[in-house]
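J.: sharing a model prediction with you, sequence too.
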Amino acid sequence: MSEMVVRVARAIATYANGSADMWENWQEEARAAIEAMREPDKHMIDAGITAAGEVEDWPRDTDGSYRADTPSDMPKPVWHAMIDAALQPDRLTEKREG
């Protein structure tokens, strides 16, 4: 089981029960939630493109490559922007109205 499944299971358990103690009971729901996010919606894609465009502002090494403290830092701004877009409360309402 991945760290992300555990994190999501703990979050669901805490939301449902007020405690993460029984997180193991929420593993299937956690996997389902993560699987549902596998394909980004339009707003997530737009946010990711915007965040990726901002990579131009990132510091560069002398060879011109982007510099990050670790390679895992590179996708973080895009990931965060896409997840933030998915969490916007008005997106479902907008989809129903449109």
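T.: Received the coordinates, thanks.

J.: show me what contacts Ile34?
T.: Met4, Val5, Val8 (Cβ atoms under 8 Å, 6 or more residues apart in numbering). No exception for glycine: its C-beta is placed from N, CA and C like everyone else's.

J.: now the helix or strand encompassing it: mean pLDDT?
T.: Remark: Ile34 resides in helix 27-36, with elements defined by DSSP states H and E. For helix 27-36, the mean pLDDT works out to 97.

J.: what residues sit buried inside stretch 21-41?
T.: For stretch 21-41, the neighbour count (16 or more other Cβ atoms under 10 Å) marks Trp23, Trp26, Gln27, Ala30, Arg31 as buried.

J.: between those, which is nearest Ala16?
T.: Trp26 (7.3 Å; Cβ to Cβ).

J.: I figured the closest one was touching Ser19, is that so?
T.: No: counting by Cβ atoms under 8 Å, Trp26 sits too far from Ser19 to count as a contact (11.5 Å).

J.: who touches both of the two?
T.: Common contact partners of Trp26 and Ser19 (Cβ under 8 Å, 6+ apart): Ala13.

J.: for Ala81, which non-adjacent residue is spatially closest?
T.: Using Cβ to Cβ, 6 or more residues apart in numbering and skipping the chain neighbours, the partner closest in space to Ala81 is Ala51 (3.7 Å).

J.: what does whichever helix or strand the one you found is part of contact?
T.: Per DSSP H and E, Ala51 falls inside helix 42-53. Contacts with helix 42-53, where a contact means Cβ under 8 Å, 6+ apart, come from Pro40, Pro77, Val78, His80, Ala81, Met82, Ile83, Asp84, Ala85, Ala86, Gln88, Arg91.
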